[in-house]
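>>> Okay, predicted coordinates and the sequence, questions at the end:
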Amino acid sequence: MGGVLGQVNAVNVEISVVLGRSTLPMQQLLRMGRGAVIPLDAGVNEEVWILANNHPVARGEIQINEDRISIAVTRAADVYDYMAGG
């Protein structure tokens, strides 16, 4: 049973989490330095986007346990919602 399934199971996938988005003028972006703050369109308790190889696959909630941050998957992602900036 190793064959193709074994090869697929051995593939690494890069997981990213998007906390929120922001639109800035290029001039403002170029002036940013250490300590600059970028406001995001997300609130404290909003779900984050979970991406696999830059493709939205799920939504999740941030969890903080002592000094570790993790994401709990809450539901499947809606790709069209993601593309629309939701």
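Structure's in. What do you need? If you're wondering where the values come from, they're calculated on a predicted model, not measured in any experiment.

>>> and the residue nearest to Arg21 when sequence neighbours are not counted, what pLDDT?
Nearest in space to Arg21, with sequence neighbours left out and distances taken as Cβ to Cβ, 6 or more residues apart in numbering, is Asp41 at 5.3 Å. Where C-beta positions appear, they are placed from N, C-alpha and C, glycine not excepted. pLDDT for Asp41: 88.

>>> so Asp41 touches Ser22, yeah?
Yes: taking Cβ atoms under 8 Å as the definition, Asp41 is a contact partner of Ser22 at 6.5 Å.

>>> Need the residues touching each of the two.
Counting by Cβ atoms under 8 Å, 6 or more residues apart in numbering, Asp41 and Ser22 have no shared contacts at all.

>>> Is the residue nearest to Arg21 within a helix or a strand, and which one?
Assigned by DSSP states H and E, Asp41 belongs to no helix or strand.

>>> Pull the contacting residues for it.
By Cβ under 8 Å, 6+ apart, Asp41 lies in contact with Gly20, Arg21, Ser22, Gly85.
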